[in-house]
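Q: Sequence first, then the predicted structure:
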Amino acid sequence: MKPKAICYFIIMLLVTGMVACGGDDTEPESTETETPATTASQPAEETPTLGRDIDFAAEEQAIRDLYAVYATAHGDQDEDMLTEVWLSGESKDIFTAWTFWAGTFEKNEGAKAVSKAWAGIFRLRGGDMAVDITYIAIDSKGKEAVLRGAYSWGNQGGDLISALKKDGNDWKIRAIDYTNGNFGKQVKDLIDPAHTFGEIEEE
């Protein structure tokens, strides 16, 4: 082989070797992709449960205490005390229903009419009142309640159904049906109460 040809051959080998080794110094691109952060490990926010923070036993006792004052007001024929335990306002949802006037059904709507009706009844009737509470239901928000019981007042007695409502932090009587629903369902029961005492007797 001629010297000139040998030189070309050696140069070709060197160039080929450099090309073949030229990529060794370059780091290969990472094939890993960043995985987006997930919230799977984070605790899910709890959905508030209605009634979770309500002390239903305390609410029930407050309703019983209210009815004790209510009974005392009747025994003392104290119109002012009676007004205090009733919800104020002139809505038709505030009422009394009874047959105290010679057995005739009467419904007095609005706080003023209720107060006036009791003033008239107090001139005719008196005596100690007692209410034997047989059922209490309270809604999940602790704002509405229904009470059933047997009452005796002097020589008068029977079953009553009452609706109560929270007025600020205090329970107030919204309505009472002293006829036990004998003249139509004046007071409706709570559909799905969160707390109950006793049971409704099937009619």
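A: Sure thing, it's come through.

Q: Over to the nearest residue to Lys166 once chain neighbours are set aside: give its phi and psi.
A: Leaving out its chain neighbours, the residue that sits closest to Lys166 by CB to CB, 6 or more residues apart in numbering is Lys143, at 4.6 Å. Every residue, glycine included, has its C-beta placed from N, CA and C. For Lys143, the backbone dihedrals (degrees, to the nearest 10) come out as phi -120, psi -20.

Q: my guess is Lys143 meets Leu164, correct?
A: No - using CB atoms under 8 Å, Lys143 makes no contact with Leu164, being 9.5 Å away.

Q: Neighbour count for the two, which is higher?
A: For the pair Lys143 and Leu164, the greater number of neighbours falls to Leu164 (26 against 14), based on other CB atoms under 10 Å.

Q: what about the more buried one, which SS state?
A: strand (DSSP: H, G, I helix; E, B strand; the rest coil).

Q: For it, which residues count as its bridge partners?
A: Beta bridges link Leu164 to Ala145, Ile173, judged by DSSP bridges.

Q: got a list of what it touches?
A: Ile63, Leu66, Glu144, Ala145, Val146, Leu147, Trp171, Lys172, Ile173, Arg174 (CB atoms under 8 Å, 6 or more residues apart in numbering).

Q: Closest one of the residues you listed to Asp128?
A: Nearest to Asp128 out of those is Leu66 (CB to CB; 17.7 Å).
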